[in-house]
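Peer 1: return atomic coordinates for the entry below.
(chains A and B)
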There are 2 protein chains.
Amino acid sequence: MWPIGNLGLLDEADLRSRGLRIPLDAIWGPDGGGLGGAVVNLGGCTASFVSADGLIVTNHHCAFGAISRNSTDENNLIENGFVAATRADELPGKGMTATVPLRFTDVTDRVTADLPVDELERIRAVERRESEIVAECEAVPNRRCETARFNDGVPYLPLPAGAPTGVRRFVLVEAIELRDVRLVAAPPRSVGEFGGEVDNWHWPRHTGDYSILRAYVAPDGTPAEYAGENVPYRPERFLPVSADGIGPADLVMVMGYPYATERYQTAAEIAEAQEWYYPLRLELFGAWIDQMEDASSASEQAAILIAPMLKSIHNARSHARGLLAALDRSGLLERRRSEERAFRAWAAGDPARARAVEALDGIAAVLGEREASRDRDLLLRFMPRGSQALGFAWTIVKWAIERPKADLDREPGFQDRDEETVRRSFRSAADSFEPEADRRNLALFLHRAAALPEGRRSAALDDLLGPDRSDAAIEALTRRLYAGTALGDVETRLAMLGRPIEALRASEDPLIRFVLGLAEEFDGRIERAKRFDERLADLRPRYVAGLAAFRGRSLYPDANATLRLTVGGVRGYAPADGAVYTPFTTLAGIVEKETGEEPFASPANVLGAIRRGDRGRWEDPRLGDVPVCFLADVDTTGGNSGSPAIDGSGRLVGLLFDGVWEDLSGDYTYNPVTSRSILVDVRYILWHLDRVLGAAHLLREMGIE
Amino acid sequence: MWPIGNLGLLDEADLRSRGLRIPLDAIWGPDGGGLGGAVVNLGGCTASFVSADGLIVTNHHCAFGAISRNSTDENNLIENGFVAATRADELPGKGMTATVPLRFTDVTDRVTADLPVDELERIRAVERRESEIVAECEAVPNRRCETARFNDGVPYLPLPAGAPTGVRRFVLVEAIELRDVRLVAAPPRSVGEFGGEVDNWHWPRHTGDYSILRAYVAPDGTPAEYAGENVPYRPERFLPVSADGIGPADLVMVMGYPYATERYQTAAEIAEAQEWYYPLRLELFGAWIDQMEDASSASEQAAILIAPMLKSIHNARSHARGLLAALDRSGLLERRRSEERAFRAWAAGDPARARAVEALDGIAAVLGEREASRDRDLLLRFMPRGSQALGFAWTIVKWAIERPKADLDREPGFQDRDEETVRRSFRSAADSFEPEADRRNLALFLHRAAALPEGRRSAALDDLLGPDRSDAAIEALTRRLYAGTALGDVETRLAMLGRPIEALRASEDPLIRFVLGLAEEFDGRIERAKRFDERLADLRPRYVAGLAAFRGRSLYPDANATLRLTVGGVRGYAPADGAVYTPFTTLAGIVEKETGEEPFASPANVLGAIRRGDRGRWEDPRLGDVPVCFLADVDTTGGNSGSPAIDGSGRLVGLLFDGVWEDLSGDYTYNPVTSRSILVDVRYILWHLDRVLGAAHLLREMGIE
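Peer 2: Below is the predicted model:
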């Protein structure tokens, strides 16, 4: 996960010998402007430009919201798929945005100069300075800016000579936010999600997880909301699309915005994850799923509304289960413990190294302190997610608390610039809010919070619940809250956002009143988390700088949603003793899996084209068939969904869409034996557009005749 | 599945080039006496001698009954495993027998000369002549004889010049039946069934499916029932055990007693299997399993008694499901249809070939007639299996019907020679008879028989049920039958076996009375089946002789529990697009699968030995570990369980114990791409005996120091 701003860390000669045929500067030069400029952040996914007229490719699941929001009773685009015959037929993205990277600037000095000693003040100072920097940056019209924190202290950009190491670093990311991103083409779910939850996280895979979008701007070329007069955006850079694809062992490079990794966790932190955090998630999500499945059976309407959250919790549980098993199998904890022993021995007696060992011990001390509140804080964190209504109430209350402060002193997420995002989320929640399921989720979390042992419970919640913390009392309380609240209504919640705290205190809405009683607790949780994180962020760079010296090689910073490049090869792996996964799947495999029942029910036109051998020019002669998906040993994680994979010449050869089960511990450690990403082969996308959908105009636009 | 009596069909030079280092005559010579003589039939499984003192190896699941019958509350051998420290500690097999092959003689002429024209008389004549031949053969003391039918007409032994082709063939199999077979060693179920139902039929596999037995005879060397004075049997031939095992692509040969294949089914027959027979089994077994699982939850005692039948029905359902999917995938039906079109074209206009085409048409006509009674007959067939009590009653009644006839005129299974087998089964059923589950099974079958459409139901059953065929009436009827019957008691049912029909007619036992009412229907079903089979057996050899000429190569007879040799190689396969199964698994894979919970809960001593790297001399240097199981592309089926696999020098290198899911249609067609057998590697057996169980005395006896 090399920082796109620091590709000089890579051994270019070695990459040339492995198949790189363009200079690394062509990916991201000292002044930006390389192929990386074609790689955009699509609300948490990655996407890339593939034509001069702003055509974008990403995963089907990354555009799922837009596909869903454009579906009607008459034409369900999720089931039927969609191809815009002309540009006029391209559908509004309804909330989809694409952020195009422009420039990265190290702002560490400005953020960290003369920080106050007091811990909480320090956090606020950092946040204030980040906000100032962002505000200044956004003074340029149509600029969208963000600071990225590198809490491991590993630099994202080349460090000037003499710059200190072992300190947390900050980088300003300047970008353009395109707010009119339209839906151009998407396969039906039976292609885009072929294999569904059954195949999720698993190879062999036959999923056509792609969609095609287009960015639009105002006629003057500036970013604008959706409008009829808008014109296609003309990106500075777009990726050429390869019609030839890629073969086994070929070099492959993936660019994207991976969210987060945990590569520099200490043994103590890994032990906490393995023994407390993931086991608890596994169990909690299980109960949550049971409840939502039960609620889904109430009506078809309920099932539709609940589906998105249910799917996401299902994925999260599945992830926790696999991660635990993978962590266990990986032996990482024991390896890290043994590395730390060697590290301590290496540092012993050298005062210059002692600082790193002190940091290692300091991290363990923070965990020890955090232990007392961790169960309660985890429940408080999930409560406003499980109960969307509680989430609305909390956002409204917190908005009222923050609003009187100067804009830059407010909590991130509650500044003027965030208002539109919040209002959008309040509106779009109408598509997923099911009051009874929502209420039961709240009851679930309250029940668990109430069942924590004495001294570990939330005092505020104890006060709100009163002496009777029985299931029946919680059931009655939540019924009362949901019967009385008006926050389920979109206009009501929009109207309440922005009301001053006094007005809220006078409100009769029982959920608002309930949350007012919890506000300090919610704030307290955030503050606790910030304090602990701040202490860890202060300690970790010192530890990691020591680790880099101890290991004697360049490190890359943990993923933090900044643009990264990972380089690998097309490569299978052995998922188990006695079995090998080969790196490509083919159309024949779709027919093999076909059962006619979801999630293995391909459209008739796909099956027909496969059965009559209509492979067009997309067949790989080595496979004797059209490739569908492939495996690569690139280093990726969540956020890389939709990432373009390019070959040694910089041509698009696939889209990343999943990882593999055997590598679920990948966020903690890269393992050359099992770290694999699953990509949809560009030839399958082109085959589907060409032989199945007949979308020749899109192929032409991508330069393929 | 080459006939052991006709190995001249094989291309010995070709086999030599593939690694055969012994003459084929050393496997079975013209006068018998080769390595095949070491291969015994163990009540439906295959087993083989591996020492001069009658030591036998077979699968764990083949000795499961004996292991179970020797288990006590204090020492559950299923859970704990067993090793006899000395010969005196070897445990009685309690019903286990081993049949040692001596000689094969073609008796076709004698059985088929001047058969009556009338179909039913012809069957009886054939049965009578078979019985006569068997009786003459068994006049030699301690000889056990059987005739094997080759209903496809493909010869098991070299045909004398001028012998007719296109006729059903009969072979007399002379053998010795050893009736004192003792349990010497067995791994605990957690090794012998590692992976259980989850891994059943699947690769990768890590199952130590082996057990060790020993045959005993009277001090004078003649077969005898278990007795303290008995001495170890000294077999004429035993297999040398290889300590070196086998490697990828090596030649491997498997000998055994495969029950039945259907390699010469016509397209019409395959269509019937695919569209009626297996779908019906699938559904019926599902209902049966649900019921038995429900009954198992009544008490631990019930669960133990029900377990063997439940396991067998589970396997059968799983088999039906996979077989249907595999048949579908195999495209066999379409291939056979297309072959038949070519065959008809080839035969057209040639009167000598017309006979074969007439036979093909004749087979289709038989199926057409059989259709009217097939649902009812299937239920009647399963009824006395599902209800063991009904089975006892039917055996007792049928015995009384047959007994007045001359011994050789009786139905097979009801002759004097069969009495001891029947009595043994009446006794051993005590270990699996659970009255309430048994009653519910009867109700299930009666319910289904009663629900058949008018005209397809059994008239006799309609009479017995009366006008009220409701669930409640059937429930009441079965409760009455089971409340009143005394057949659940071992001594009672043994005492009733042999009572004349008049005595039974006077019996108050309601189940006996019920079965008396059904006797004609049961007999009718058997007679119908015989008539149809007789007609098919008359037609098929003519069709198959034509097919052999059409295909222009030697055929092998369908499996029929006679001794066969199959030759192949150690070879993996591709189970699906994007995946490859490699041919060996290793100890490391056991740890990978280990969850600590059944069926992946290895004994501590196995895990300990693996974790401390205690591989002894059993490591394969190519694998860097001890092999556990391997795949081979030999051609096998049910009955081959426990079959010895020998290398090119005739040394034992493994025991066959399963097939693979992707080849469940293997009984209908051998497919070089997916036809694989799963074998436990002899080195895993030896490692387990040596490093885990410390059974050095057994290794020494097998010639391994």
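Peer 1: where does pLDDT dip in the stretch 451-600 of chain A?
Peer 2: Filtered on pLDDT under 70, the stretch 451-600 of chain A yields no residues whatsoever.
Peer 1: what does it have sitting close to chain B?
Peer 2: Counting by Cβ under 8 Å from any Cβ of the partner chain, the stretch 451-600 of chain A comes close to chain B at A:574, A:576-582, A:584-586, A:588-589, A:592-593. For glycine as for every other residue, the C-beta is placed from the backbone atoms N, C-alpha and C.
Peer 1: tell me which entries of those lie within strands.
Peer 2: Among these, the ones falling in strands (DSSP state E) are A:Ala574, A:Ala576, A:Ala579, A:Val580, A:Tyr581, A:Phe584, A:Thr585, A:Thr586.
Peer 1: the fourth one and A:Tyr573 touch, don't they?
Peer 2: Which is A:Val580. Yes. Contact criterion Cβ atoms under 8 Å: A:Val580 and A:Tyr573 qualify, at 7.5 Å.
Peer 1: the two - which one has more neighbours?
Peer 2: A:Tyr573 (21 against 15; other Cβ atoms under 10 Å in any protein chain shown).
Peer 1: hang on, the more buried one packs against A:Thr674?
Peer 2: Yes. A:Tyr573 is within contact range of A:Thr674, at 5.8 Å (criterion: Cβ under 8 Å).
Peer 1: got any residues that touch both of the two?
Peer 2: A:Val660, A:Glu662 (Cβ atoms under 8 Å, 6 or more residues apart in numbering or on different chains).
Peer 1: checking A:Ala260 next. Helix, strand or coil?
Peer 2: coil (DSSP: H, G, I helix; E, B strand; the rest coil).
Peer 1: which residue, other than its chain neighbours, is closest to it?
Peer 2: Of all residues not flanking A:Ala260 in the chain, A:Ala559 sits nearest, at 5.3 Å (Cβ to Cβ, 6 or more residues apart in numbering or on different chains).
Peer 1: quick one: residues contacting the one you found.
Peer 2: A:Ala559 touches A:Met1, A:Pro258, A:Tyr259, A:Ala260, A:Thr261, A:Thr637, A:Gly639, counting by Cβ under 8 Å, 6+ apart.
Peer 1: 7 Å - rerun?
Peer 2: A:Met1, A:Pro258, A:Tyr259, A:Ala260, A:Thr261, A:Thr637 (Cβ atoms under 7 Å, 6 or more residues apart in numbering or on different chains).
Peer 1: which among the residues you listed count as buried?
Peer 2: Buried residues within the contacts of A:Ala559, counting neighbours by 16 or more other Cβ atoms under 10 Å in any protein chain shown: A:Met1, A:Pro258, A:Thr261, A:Thr637.
Peer 1: could you dump those residues into CSV with distance to A:Ile27 and pLDDT added?
Peer 2: As requested, these are exported to CSV (distance: Cβ to Cβ, whole Å; pLDDT from 0 to 100):
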residue, distance to A:Ile27, pLDDT
A:Met1, 14, 96
A:Pro258, 16, 98
A:Thr261, 21, 96
A:Thr637, 20, 95
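Peer 1: residues contacting the closest residue to A:Gln274 other than its chain neighbours?
Peer 2: The shortest distance from A:Gln274 to any residue other than its chain neighbours is 5.2 Å, reached at A:Leu327 (Cβ to Cβ, 6+ apart). By Cβ under 7 Å, 6+ apart, the residues touching A:Leu327 are A:Gln274, A:Ser665, A:Tyr668.
Peer 1: which of these has the weakest pLDDT?
Peer 2: Looking at those by pLDDT, the weakest one is A:Ser665, with 91.
Peer 1: helix, strand or coil for the closest residue to it other than its chain neighbours?
Peer 2: Nearest residue to A:Ser665, sequence neighbours excluded (Cβ to Cβ, 6+ apart): A:Ala326, at 3.8 Å. Assigned with three-state DSSP, A:Ala326 falls in the helix class.
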